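Enquirer: Fold the following for me, if possible:
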Amino acid sequence: MRRPGHWPLAVQLSLAFALVTVLALGGSGALLLYQTGNRMMQERRESVLAWGQAAAGLAAEYWADPQEGLTLAFYRFHQQSGMRPVAVDRAGVVVADVTTGSPLVGQRLTHPEVQGALAGQVTTGTRRLPGGEWVLYAGIPVFAGDQQIGAVLVAADVGAVRDAQRDLLRQLGWIAGAMAFGAVLVGVMLARYLTRPLVRLQEAVARLARGRLDARVVPAGSSELLDLGRGFNRMAEELGRLDRQRREFVANASHELRTPIAAIRALAEPLLTNRSLDPAVYREHLADIVHECDRASRLVDSLLELARLDMRAEARSQADMAVEPIDLCAAVAEVVHALEPVAAERGVRLELRPGPPVTVRAEVHLVQAVVGNLVENGIKYTPRGGSVVVLVGAGPEPAGLAAPGEDGWHTAASGGESAVRPAGSGRTAWVTVTDTGIGIPPEHLG
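Expert: Here you go, the predicted model:
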């Protein structure tokens, strides 16, 4: 069984809305019941006091004849009001009731209302009798002129008031139940409306988890849900872009590795099938195989370097890179010097033609990686006896330089020429790599 915290959000919102509604209705109903009950009891008390004053007047009028005149007057009073009056003397002893021969006559009453009335105060009180009835008592002093001669205790049944309060409570309960049921329905509809964008987002997340990188949502709802939807779409777009880059990387790696592997196979098969080859041919083929292995190794290193650079570019912005003033000519010279053995092995002349010293603000490793890729490509696609020339300079841009890319570098190749430069305003520093190879068609340049 799910714990409440693990219930669907729509269920939690519905229950919360219903709970708030029930609490509000319960509080309002309790307050209404309390105020209504007090009002009804106050009206009953005022009525009893009014009748009690009338009973006190009858007692003062017939005090001299309590057994006949006062008893008859109290009997008529009881018939009219439905209340029971008794008269007590200064000692609290009953002298008259509603009937002749009442067992109360001659008994001393100790009710608080009687004691208060004998003290000259009008008092009231409500008590429950042993039989379960609720009775309201009112004690009123009786005066003959300015002298108090006794008191009257009037007893009135307030069961009707209690019944009315119970009926009101029952009606409020039915009303509260109906409104709570309606609140649940409204809460369900409201919760579905509020959580609809989240449900759509959840479905999109599920599609994304199944590999559907084209999953998108239409942002809707509150400002927070709008931001959440837009953020999901941006995340999905970024995942799609990274997946495309991964596919392109795998495709390029497969394509690039196919050439040296095919060459190694072509060189190794004659060694296996032809046992009459001259040892010199064996050595030549084995040397070529070693060469192709080295070529494949360098290719793998280049691919890993590209992958590392891509990851590095994703991990931090241009501002986070270790940008510092560097000697562009010296940085390029290190690259050319490192690739001279590769060029010599392929029979390609590699030449560096540096201009005056050029200082730029850049990350030296990235500069050397970009220039190294260009020089290595030039060597790779230049036939034996050809040449690769690297120029470094500052000032006007060489012809054929393309528009700046997002990374702040420009690349172009036209008629076998490639170039890169740090982007920025002011003076321009540039590096060109020109070879006598087949070149890259303009339509394939990015």
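Enquirer: ok now do Arg196, which residues does it touch?
Expert: 220-221 (CB atoms under 8 Å, 6 or more residues apart in numbering). Placement of C-beta: from N, CA and C, glycine included.
Enquirer: where does the helix or strand where it lies sit relative to the chain's centre, distance-wise?
Expert: Using DSSP states H and E, the element containing Arg196 is helix 159-209. Relative to its chain's centre, helix 159-209 lies at 23 Å (CA atoms, centre = their mean, to the nearest Å).
Enquirer: And this protein, what are its domain boundaries?
Expert: 4-164, 223-310, 317-444 (automatic domain parsing).
Enquirer: starting at the chain centroid, how far to the first one?
Expert: Centroid separation between domain 4-164 and its chain, computed with CA atoms, centre = their mean, is 59 Å.
Enquirer: if we can go back for a sec, including distance to Pro197, could the domains of the chain go into a markdown table?
Expert: Output for the domains of the chain, formatted as a markdown table (distance: least, CB to CB, whole Å):
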| stretch | distance to Pro197 |
| --- | --- |
| domain 4-164 | 11 |
| domain 223-310 | 5 |
| domain 317-444 | 31 |
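Enquirer: After the helix holding Arg196, which helix or strand is next?
Expert: Heading C-terminal from helix 159-209 (DSSP H and E), you reach helix 223-273.
Enquirer: counting contacts, what elements does that following helix pack onto?
Expert: Judged by 3 or more CB pairs under 8 Å, 6 or more residues apart in numbering; DSSP states H and E, helix 223-273 is in contact with helix 159-209, helix 279-315.
Enquirer: and Ile149, that's in a strand?
Expert: Yes - the assignment for Ile149 is a strand, going by DSSP: H, G, I helix; E, B strand; the rest coil.
Enquirer: ok, it - contacts?
Expert: 60, 63, 89-90, 142-143 are the contacts of Ile149 under CB under 8 Å, 6+ apart.
Enquirer: again, only using 10 Å
Expert: 59-60, 63, 87, 89-90, 95, 141-143 (CB atoms under 10 Å, 6 or more residues apart in numbering).
Enquirer: likewise Ala262?
Expert: Glu292.
Enquirer: Could you measure from it over to Val250?
Expert: Counting by CB to CB, to the nearest Å, the separation of Ala262 from Val250 is 18 Å.
Enquirer: before we move on, what about Pro103?
Expert: Applying CB to CB to Pro103 and Val250 gives a distance of 111 Å.
Enquirer: can you check Met235 too?
Expert: 22 Å.
Enquirer: so what pLDDT did the closest residue to Thr110 other than its chain neighbours get?
Expert: Excluding the flanking residues, the one nearest Thr110 by CB to CB, 6 or more residues apart in numbering is Gly92, at 7.0 Å. For Gly92, the pLDDT comes out at 92.
Enquirer: Tell me how many other residues surround Gly92.
Expert: Residue neighbour count, defined by other CB atoms under 10 Å, stands at 18 for Gly92.
Enquirer: give the contact list for it.
Expert: Applying CB under 10 Å, 6+ apart, we find Gly92 in contact with 107-111, 114-115, 117-118, 150-151, 153.
Enquirer: Pick the one among these closest to Leu257.
Expert: Within these, proximity to Leu257 (CB to CB) peaks at His111, which comes in at 111.0 Å.
Enquirer: In this structure the closest one contacts Leu136, no?
Expert: No - His111 lies out of contact with Leu136 (CB atoms under 10 Å); the separation is 11.9 Å.
Enquirer: Compare the two and say which is more crowded by neighbours.
Expert: Set His111 next to Leu136 and count neighbours by other CB under 10 Å: Leu136 wins out with 22 against 18.
Enquirer: Surely the more buried one and Val158 touch.
Expert: Yes - between Leu136 and Val158 there is a contact under CB under 10 Å: 4.7 Å.
Enquirer: what is in contact with these two at once?
Expert: By CB under 10 Å, 6+ apart, Leu136 and Val158 have these common neighbours: 41, 44-45, 48, 126.
Enquirer: Of these, keep whichever come out buried.
Expert: Using 16 or more other CB atoms under 10 Å as the burial test, those include 41, 44-45, 48 as buried.
Enquirer: so of those residues, which ones are in helices?
Expert: If you go by DSSP state H, those have 41, 44-45, 48 in helices.
Enquirer: Need the residues you listed in JSON lines (columns: distance to Glu351 and pLDDT).
Expert: Shown next, in JSON lines, are these (distance: CB to CB, whole Å; pLDDT from 0 to 100):
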{"residue": "Met41", "distance to Glu351": "113", "pLDDT": "84"}
{"residue": "Arg44", "distance to Glu351": "118", "pLDDT": "86"}
{"residue": "Arg45", "distance to Glu351": "118", "pLDDT": "89"}
{"residue": "Val48", "distance to Glu351": "123", "pLDDT": "91"}
